Every structure is written in structure tokens, then in C-alpha cells.
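Need a 3D model of the sequence below.
(chains A and B)
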Amino acid sequence: MLELNFLRKDKERVLEGLRKKNLPADQLAMVDEILALDIQRKSLQTLMDNGLNQVNSLSKEIGNFMKSGQTAEAENAKNTVSGIKEKNKEIEEQLKLIQNKQETLLLSLPNLPHSSVPNGKVAEDNEVFQDWPVALPVLPDSAKPHWELAQDYDIFDMELGVKISGSGFILYRRNGARLQRALINFFLEEANSAGYEEVWVPLLVNKETAFATGQLPDKEGQMYYAEKDDLYLIPTAEVPVTNIYRNEILKESDLPVCLTAYTPCFRREAGSYGAHVKGLNRVHQFDKIEIVRIEHPDNSYRALELMLDHVRSLLAKLELPYRILKLCGGDMSFSSALTYDFEVYSAAQKRWLEVSSVSNFETFQTNRMKLRYKNKDGQIQLLHTLNGSALALARIVAAILENHQTDKGIRIPLALQKYFGSEYLCNTQI
RNA sequence: GGUGAGGUGGGUGAGUGGCUGAAACUAACGGUUUGCUAAACCGUCGUACUCCAAAAGGGUACCGAGGGUUCGAAUCCCUCCCUCACCGCCA
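Next up is the predicted model:
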């Protein structure tokens, strides 16, 4: 949620940012609407507060009258009070209406893009921020996509997923299951040594939590919902992890907060991966190790660099060719101020696969969830939140299978071998 | 799921209708003292909205959440949520 104060102080910059995010004109008009409501809201609030003030002081007088036995005066004052209260009731109703309207509008505005975000409307407009510096690998024509490899090596089974749950659910088996476990451990250990504290979090969250990180109300339809208990299955660990600090005022010395968590992620539709939805490219449940940082506003963009470095090192250790995209205004998510996407090149599918997304949300989430810090002068300010996938398993599995396929089996990258237990993934029962 | 007891500021905890935005203790922060540490002493110590050009200073709201009674509610009533204990069930 954008800060109301920012709208009040610098409307032009807000509009400029919203234009960069490709908001249509009718939504841009909301800014003026919000500001108009704000003026109304303030005057109504002042009116109501004055009324309440009168009631409060009269009530004290009544108490005194009663003590000193001045019954007539007391009764008189009571009548005055009930008159004021009646008036106040109307004001209060109006005020609530306006407040709700203002909040709804404010909630429907996306975050403003950072000044370095490239202009553009669609994915094709994204800027290649860092390309793969050498020639992309070329595999022999006999190279197979991961869904065929999966059959050869019997490592996951789409049909069993369908049998047990439905389409988009994968059942990993044998070396596939083992590879999952190895990757989870590898990513968590790497995050640990990069200074991220590991947390293990609930996978079902309440409304308040889903609201705070921005999944509600915008993306209600994307989440699985357990109606009986009014809980949502998390679409990403970002939700429970960031919410650890909901409604907190941190000390400057607590910063930065760096957390990591492994969780399964549940998505009713797995988003916009384009037309290629085969195999592991698009699933309803996948596994992800997330890194989350809560940062001092002055430091958040440096922190974003650190997160990029971390993801870079993971991909390097997995020996996968990758590039980094800086998302354009139109392709960025609702709540992000700056997002870098990591794409791994699959030599078998001969295309780039998105495997990580690293974003700075600045104060967009913290404003919603009232996550702040107190500076040395005692002033309270909003913090910045950042998060990134480090990494998402399903696509990484696809990339490893495809890129590292050899005659001897799937070559396991050196860094992963101690977690997986052997040099090659073969079609053998372990 | 059943029964009982509770939910007050960072923590402990007082407070059963007006003098309570809230005692006391403690933690934290600033200072004095001290050879260092400790102790002692003094001071500060909630958040949000709002009024004022700004500061100073006001106003309003908040004692789990939401309603209600009352001139007046942390305190009385209702609903919900949560915590703890015991029982039941269970990996």
C-alpha cells in the first residue's frame, strides 16, 4: 500500500510512477479521488472528535453535579449529551464510509517503480541486465526435454500426481525424490552460510497474514482456501516469513533481519509462464527456498545486490547458464519497486526458464503490515522488505535434468554431490 | 471436542463504573557517581489519527476483537478469537 502522506506531498511523482507501471487513465484518476476523500475525511474526523470532546467534558460535569446533589443540572447536561451523540452518530457513519472508500482505493494502487526500472509494457520489454558471457551450451540432437528424461530415469510421475490429486501435482520417486531432498538441503545450507537465519513456518495462514504481504485482496483467486477453518495455503514462504514481523517496531540495531525458509508453495494457477506448461514448467505445488530481508530504507538497494549475488552463486554452483533480467514497469508485480528475474537456459528446450525473482518492495508491504523501526531520534519509520527465490525447485530440476544429461546419466553438479550422494543420477534404485 | 481459569503497556502485575492512558516492580534508554565491573541515585520511557504555517501545545481513539448498556466502561452485558490446565483423541 502506498503511503498516503506521499500522495499528499508529491502527487506528480506518484502519477509518474503509476504511468510507468502502465496504469490506465481511469486508475490514475484514483489518486485525485483519494486526495479529495482525504480532505473530507479530515474535516469529518475533526468534527467528530470535537463532539466526543464535548461529551467527555460534560460527562465529567455530570459526575460532579451528582456528587453535589444538583440533580436538575445533571439532567440538563444529560439531555445536551444525548443531542450531541445523535449528531455524532451520523458523522461517524459518514466517516466510516469515506475511510473505507479511501482505503479500498489506496489498496488498489500498485507500488511505484524504482527510477532505474526500464519503460515497457510486456515481458519482451524487459531489459537484459546481465547476459551469459560465453557461448550458450549446445546439446546433441538426441537431447531430451525433462519430461522425457523423467520417464527414462523414472524420477517423477505426472499421472500418479493426477491420480492422487489432479493435474499439476507431481509425484517424485526414487532418485527424483532424492534429488528434491538434496536440493532443499543444498539451498538451505547455502542460505545459512550467507547469513540467513532458518525458520520453519506454518503452511496455512489466516486472512490477516495473507493481507499483510499483499496476497489479499488482489490475488484471492490464486490461493487455495480451507473454508472450514478460514485459512489459506501459502503461495510462497514470503507470506508467513515476512509476517513474523507484522506490527512490530524494531530497533535500528536489530537490522537487517535476514531469514530463509523452505516451504512447499501452492498456487491454483501457477501464473504466467507463457504457453509452455509441460512437465515441471507449471505446477500447483512446488518447493521453494525463499530468502527474506527486512532492511533499513537507506540500505535496501545494497541488500538487493547481495541477494542477486547469492542467487548468482547458487546457479554457478549448479553449473547452469543463466541471465538476469530487469523487469520493465509493465511486467513487474503489483507490490514490487524493482524486480530482477533469473532465467536459466535449457539447452534441450532451447529456451530460457525463469527460476528466481528477486524484489525490493520498499515500504509497500511494511505500510500494510505496520512494520517499522525507531531511529536514534526516536522517530518511527517504515522499513523496507525484500525477498527472492533461492531457489524454486521444480524448474531447477528441469534445468538440471536437461542441461546435465549425458550418456552415463544425469551429471550431478559437484556442489550438489555431497547432498545427493553420487556423481550421476542413473536409472537405478538406490 | 468437553470442562474450568484467564487475556491490561517490552516483561511481571495492580486495577469491579467517573480522580486510570492506566499504580508498582522490572527491562530498555540518557545522565550522575565509580580505578574496572557491579551497585546506588536522578531522568526519559505506548501507538494511531487529528488541530496548529511549524514548533510548543491541544483533541480523539485504543486495556484480545467486534457489538451493547450508561451522562460516563479496562471495569457491567452479548458474540467471537486466543492462551493455560485437566479430560478425550492423536503423529
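
which bits of the stretch 201-350 of chain A sit near RNA strand B?
A:Ile249 (CB under 7 Å from any atom of the strand). C-beta: built from backbone N, CA, C; applies to glycine.

Just the helices from the stretch 201-350 of chain A, written as ranges.
With DSSP state H, counting those that start in this stretch as the criterion, the stretch 201-350 of chain A has helices at A:207-212, A:238-243, A:300-317.

ok, how many other residues are close to A:Lys219?
The local packing of A:Lys219 (other CB atoms under 10 Å) involves 16 other residues.

helix/strand/coil for A:Asp141?
When classified by DSSP: H, G, I helix; E, B strand; the rest coil, A:Asp141 comes out as coil.

Ignore what I typed, I meant A:Asn88.
Using three-state DSSP, the three-state assignment for A:Asn88 comes out as helix.

That one: what's its closest spatial neighbour, skipping adjacent residues?
Counting by CB to CB, 6 or more residues apart in numbering, A:Asn88 lies nearest to A:Gly51, which is 4.2 Å off, once chain neighbours are set aside.

Give me the domain ranges for chain A.
Segmentation of chain A into domains, based on automatic domain parsing, reads A:4-107, A:123-425.

start to end distance for the shortest one?
Distance across domain A:4-107, first residue to last, is 11 Å (CA to CA, to the nearest Å).

Which residues lie in contact with the closest residue to A:Val358 other than its chain neighbours in this structure?
Nearest non-adjacent residue to A:Val358, counting by CB to CB, 6+ apart: A:Gly388, 3.3 Å away. A:Gly388 sits next to A:290-291, A:307, A:310-311, A:356-359 when contact means CB atoms under 8 Å, 6 or more residues apart in numbering.

Now restrict those to buried residues only.
Buried subset of the contacts of A:Gly388 (neighbour count, 16 or more other CB atoms under 10 Å): A:290-291, A:307, A:310-311, A:356-359.

Low-confidence stretches in chain A?
When residues are selected by pLDDT under 70, those of chain A lie in A:270-278, A:429-430.

Give me whichever of the domains of chain A is most buried.
domain A:123-425 (a mean of 18; mean count of other CB atoms under 10 Å).

for A:Val355, helix, strand, or coil?
Applying three-state DSSP: A:Val355 is strand.

Same question for the one 5 residues further on.
Three-state assignment for A:Asn360 (three-state DSSP): strand.

Name the residues linked to it by a beta bridge.
Beta bridges link A:Asn360 to A:Leu338, A:Leu386, judged by DSSP bridges.

Who are the contact partners of it?
A:114, A:300-301, A:303-304, A:336-339, A:384-386 are the contacts of A:Asn360 under CB under 8 Å, 6+ apart.

Return the closest of these with respect to RNA strand B.
Nearest to RNA strand B among those: A:His384, at 16.5 Å, using CB to the nearest atom of the strand.

counting contacts, what elements does the longest helix belonging to chain A pack onto?
Secondary structure assigned by DSSP state H gives helix A:25-67 as the longest helix of chain A. In terms of contacts (3 or more CB pairs under 8 Å, 6 or more residues apart in numbering; DSSP states H and E), helix A:25-67 is packed against helix A:4-9, helix A:11-20, helix A:71-107.
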